[in-house]
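Asker: Show me the folded form of this:
(one chain, ligands or ions: 1)
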Amino acid sequence: MSDEVKSKIESLRTTIREHDYNYYVLAQPKIADYQYDQLLKELEKLESEYPQYITSDSPTQRVGSDLTKEFKTINHSIPMLSLSNTYSEEELIDFDRRVREGIGTEEKINYVAELKIDGVSVSLVYEDGYLVQAATRGDGVAGEEITTNVKTIRSVPLKLNRTIIDSQDFSHVEVRGEIFMEIEPFRKLNEERARNDEKVFANPRNSTAGTIKLQDPRIVAKRPLDIFVYYLRSDSAKIQFHDKNLKYLKKLGFKVNTEYKLCADINEVLKYCKLWEERRLELPYEIDGVVVKVNSVNQQRRLGNIAKSPRWAVAFKFKAKQAVTKINSIKWQVGRTGALTPVAELEPVFLAGSTISRATLHNIDEINRKDIRESDTVKIEKGGDVIPKVVEVILDERSENSQIIEIPKKCPVCGSLLFKPDTEVAVYCENQTCPAQLKGQIEHFASRTAMDIEGLGESLIDQFVDLGFLKSYADIYDLKNIREKLISVERLGEKSVDNLLSAIETSKSKPFAKVLYAMGIRYVGAGAAQKIANHFVNIDSLINASEEEIEAIHEIGPSISKSVKHFFNRKENIEILERLKKAGLHFESEQKSSEQKLNGKTFVLTGSLTKFSREEAKEMLIEQGGKVVSSVSGKTDYVIVGENPGSKYDKAKKLGITILSEEELLNLLNE
Ligand code: IVH
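Answerer: Residues are numbered from 1 along each chain as shown. Predicted coordinates for the structure are as follows:
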């Protein structure tokens, strides 16, 4: 009996899954809604009678009833990169040139052009063919687990259609894609919200972003979320081409946007971009551009990544939506690095879903180039989520007595002198203790992507700096000594002060990489901080490292290494560091340096490697604590020699440095 029930349940599930696929993925339903509902009801009935047969991938289990109290942070197995943007034909052609230079001119390079869906990216992990985890992009390194919410999206398969395709095993995969809302259902949702006196969403993307972070999956299930997937990674299957991947994704049961095109060269890509810029309004969902990807995965790998974005892909952004308004005044803002940024205070104007009252003017060169002045009537534009900018001045409407804008003589916040580095357009406030800089630094330190101190936001930081409680971010960890004073601060009660102090204590457990990022070293973003922390393992070896050693880390360039050196050369920063150490923050990576085989050993690579690429070799060495530098010296421990080695080989022999073939290197790594 029970076997019979079990197989009936199984067959109902399979049938329902097929109809879900036809309806939500292919948009080609084969049965009427009524018939579908009957099938689902029958399954629900059987499952309620035989709850022992309920499985998490059953179509009845898409909507859970438990509230999510807190979204767990999870690390992405490999970072979720973002894309660099291009805005013109020339920039795309430049991208193509860089790709061809990177790959070598004799090789054929195909591109895949895809629509850039304006939604929220998500990572989906399938184990043994079952969806086990969905996560947001977060800062690219770590995101938030939103599995229960994502399970409610009907076009996301809970179980893959099949896991073997072309005798390749897809039972363990990570899939990435974009969650979005179609325009029409989004409009209906907003209408309903307006009727219920609820706040309406500015656009489908904001609505999507808000929805996937709701705590109640039952509400999420009612929202019209959808997905397009565009990325597949599998350790068990060999994947060679991106377009082939898209086909695999479709076969696995995912919804893949069908408008993608395999292009033989950049001219075909350009045609595709032009076509879709014209036709974007015909689509039932919003797109904000085209994504261009090198089709060969091998070529992708060889091109690699720079900091946060791949060298093998780029976004072509469509022209932004524009509006005309007036500049009321131009203010100079002081950021956390001390850089002064001119900002236009605008007569508020509605543009692409929101009211705009400020626009960045970037720097004085930009102001001069566009000849922007106070009281000017200007055309502004907003592209995606970037801060609105001034496109041009409408000169016919300029008043006669308008004045050319000049860089202020003094810091508008603290009155200190300004200085201008030779290599930059920006001017800086030279006062390290300028309250504006300090506030910016502390805000960064406490922010969600850094130390994540809940409750320590912009307005509280402003007050604490003004009251003299915070003179550096290290002071945060001494706030507990002035609890009474804090309680007396306007609007802060005992409870919120204690919550804040406990959030500060909790932040002490953040890993080394986060602490390094939080310290706000110029050019050191979250990704770079992670790489540096992985490599140097603890702060002392980082402080003692040379610029060259820092730069030898894969994807760390000279501006980062210079800036790191500069930062730790300053006495004030070392003092702050010592205080943070005393407070108990982590300045050592989890993985102990002594466990790394090649800890502190220096390598030089020469000749062409045949068993792996240079980048791969570097990564393998760095992973084990080794350092890769470009020239041979007495300090070099090993020289790895490929085919046709150059003068480095001769020098190594002369200096008596251990020389390893590729084979011997592998042996060393696998010892
Ligand atoms: S590929 C390294 N393909 O655009 C590859 N992204 O600006 C990165 N997006 O974070 C993603 N449609 O959220 C890719 N067809 C598409 C996309 C797409 C939309 C989003 C995605 C990404 C952002 C980058």
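
Asker: May I ask you to name the longest strand in this protein?
Answerer: strand 321-334 (DSSP state E).

Asker: For that strand, the averaged confidence score.
Answerer: For strand 321-334, the mean pLDDT works out to 92.

Asker: which residues touch it?
Answerer: 340-352, 356, 361, 367, 372-382, 390-391, 394, 405, 408, 411-413, 429, 434, 436-437, 440 (CB atoms under 8 Å, 6 or more residues apart in numbering). In this view, the C-beta of every residue, glycine as well, is placed from N, C-alpha and C.

Asker: thought M519 was touching F445?
Answerer: Yes: M519 is in contact with F445 according to CB atoms under 8 Å; the separation is 7.3 Å.

Asker: Spit out the residues that contact those two alike.
Answerer: Y473.

Asker: Sitting in strands, which of the contacts of strand 321-334 do you find?
Answerer: Going by DSSP E, the strands hold 340-351, 356, 377-382, 390-391, 429 from the contacts of strand 321-334.

Asker: which of these are buried?
Answerer: Neighbour-count burial (16 or more other CB atoms under 10 Å) applied to these gives 340, 342-344, 346, 351, 356, 377-378, 380-382, 390, 429.

Asker: Need the residues you listed in TSV (columns: distance to S541 and pLDDT).
Answerer: Converted to TSV, those look like this (distance: CB to CB, whole Å; pLDDT from 0 to 100):
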residue	distance to S541	pLDDT
L340	36	94
P342	41	95
V343	41	94
A344	46	95
L346	49	95
L351	50	77
I356	47	85
T377	57	95
V378	51	95
I380	48	92
E381	47	87
K382	45	75
V390	46	92
C429	33	94
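
Asker: Mind picking the one among those residues that's closest to the ligand?
Answerer: K382 (15.8 Å; CB to the nearest ligand atom).

Asker: contacting residues for the nearest residue to that closest one once chain neighbours are set aside?
Answerer: Leaving aside its chain neighbours, K382 sits nearest to P388 (4.5 Å; criterion: CB to CB, 6 or more residues apart in numbering). P388 makes contact with 351, 356, 358-360, 380-382, according to CB under 8 Å, 6+ apart.

Asker: Could you tell me how far P388 is located from the ligand?
Answerer: According to CB to the nearest ligand atom, to the nearest Å, P388 stands 18 Å off from the ligand.

Asker: Likewise for I407?
Answerer: For I407, the distance to the ligand - CB to the nearest ligand atom - is 33 Å.

Asker: Same check on H19?
Answerer: Distance from H19 to the ligand, by CB to the nearest ligand atom: 27 Å.

Asker: In contact with the closest residue to that residue other than its chain neighbours, which residues?
Answerer: When the adjacent residues along the chain are set aside, H19 lies closest to Y36, with 5.5 Å between them (CB to CB, 6+ apart). Going by CB under 8 Å, 6+ apart, Y36 touches 16, 19, 23, 29.

Asker: Count the residues that sit near the first one.
Answerer: A count of nearby residues for I16, using other CB atoms under 10 Å, gives 18.

Asker: so where does it fall, helix or strand?
Answerer: Assessed by DSSP states H and E, I16 sits inside helix 2-20.

Asker: And the residue of the protein that's closest to the ligand?
Answerer: For the chain, CB to the nearest ligand atom, closest residue to the ligand: S121, 3.1 Å.

Asker: correct me, but that residue touches M80?
Answerer: Yes: contact criterion CB under 8 Å: S121 and M80 qualify, at 6.5 Å.

Asker: which residues do the two both contact?
Answerer: By CB under 8 Å, 6+ apart, S121 and M80 have these common neighbours: 137, 176.

Asker: how close does the residue nearest to H19 get to R17?
Answerer: To R17, Y36 is 12 Å away according to CB to CB, to the nearest Å.

Asker: again with N368
Answerer: 62 Å.

Asker: These two - which one has more neighbours?
Answerer: R17 (18 against 13).

Asker: pLDDT weak spots in this protein?
Answerer: Low-confidence segments of the chain (pLDDT under 70): 1, 352-354, 383-386, 591-596, 615, 619, 623, 670-671.

Asker: make it 50
Answerer: Where the chain drops to pLDDT under 50, the residues are 385, 593.

Asker: Near the ligand, which residues of it are found?
Answerer: 81-83, 114, 116-117, 121, 178, 230, 291, 310, 313, 315 (CB under 6 Å from any ligand atom).

Asker: Return the members of the residues you listed classed as buried.
Answerer: 81, 83, 114, 116-117, 121, 178, 230, 291, 310, 313, 315.

Asker: Format these as TSV; extra columns: secondary structure.
Answerer: Formatted as TSV, those follow (DSSP: H, G, I helix; E, B strand; the rest coil):
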residue	secondary structure
L81	coil
L83	coil
E114	strand
K116	strand
I117	strand
S121	strand
E178	strand
Y230	strand
V291	strand
P310	strand
A313	strand
A315	strand
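
Asker: And the furthest pair within those?
Answerer: Within these, I117 and P310 form the most distant pair, 17.8 Å apart (CB to CB).

Asker: Which stretches in the stretch 51-200 of the chain count as helices?
Answerer: 89-103, 147-150, 183-195 (DSSP state H, counting those that start in this stretch).

Asker: For E547, which non-adjacent residue is spatially closest?
Answerer: S561 (4.6 Å).

Asker: and A27, which of the three is it?
Answerer: Note that with three-state DSSP, the state of A27 is coil.

Asker: if I look at it, how far off is V256?
Answerer: 13 Å.

Asker: again with L12
Answerer: Distance from L12 to V256, by CB to CB: 27 Å.

Asker: and the residue positioned nearest the centre of the chain, what does it touch?
Answerer: With distances taken as CA atoms, centre = their mean, G140 lies nearest the centre of the chain, 3.5 Å away. Applying CB under 8 Å, 6+ apart, we find G140 in contact with 76, 79-82, 308, 526-527.

Asker: and with 10 Å instead?
Answerer: Going by CB atoms under 10 Å, 6 or more residues apart in numbering, G140 touches 76, 79-82, 121, 307-309, 449, 525-527, 530.

Asker: Check C273 too.
Answerer: Counted by CB under 10 Å, 6+ apart, C273 has contacts 86, 89, 92, 113, 289-290, 292, 316-318.

Asker: If any of those are buried, put those into a PyMOL selection.
Answerer: This is how PyMOL selects the buried members of the contacts of C273, with burial counted by 16+ other CB under 10 Å:
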select buried, resi 86+92+113+289+290+292+316+317+318
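
Asker: With distance to T423 added, can I get the contacts of C273 in CSV?
Answerer: Output for those, formatted as CSV (distance: CB to CB, whole Å):
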residue, distance to T423
T86, 25
E89, 30
L92, 28
A113, 36
G289, 31
V290, 34
V292, 31
F316, 30
K317, 28
F318, 33
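
Asker: taking the contacts of C273 one by one, which sit in strands?
Answerer: Short answer: those in strands (DSSP E) are 86, 113, 289-290, 292, 316-317.

Asker: What's the local residue count around T105?
Answerer: Neighbours of T105 using other CB under 10 Å come to 7.
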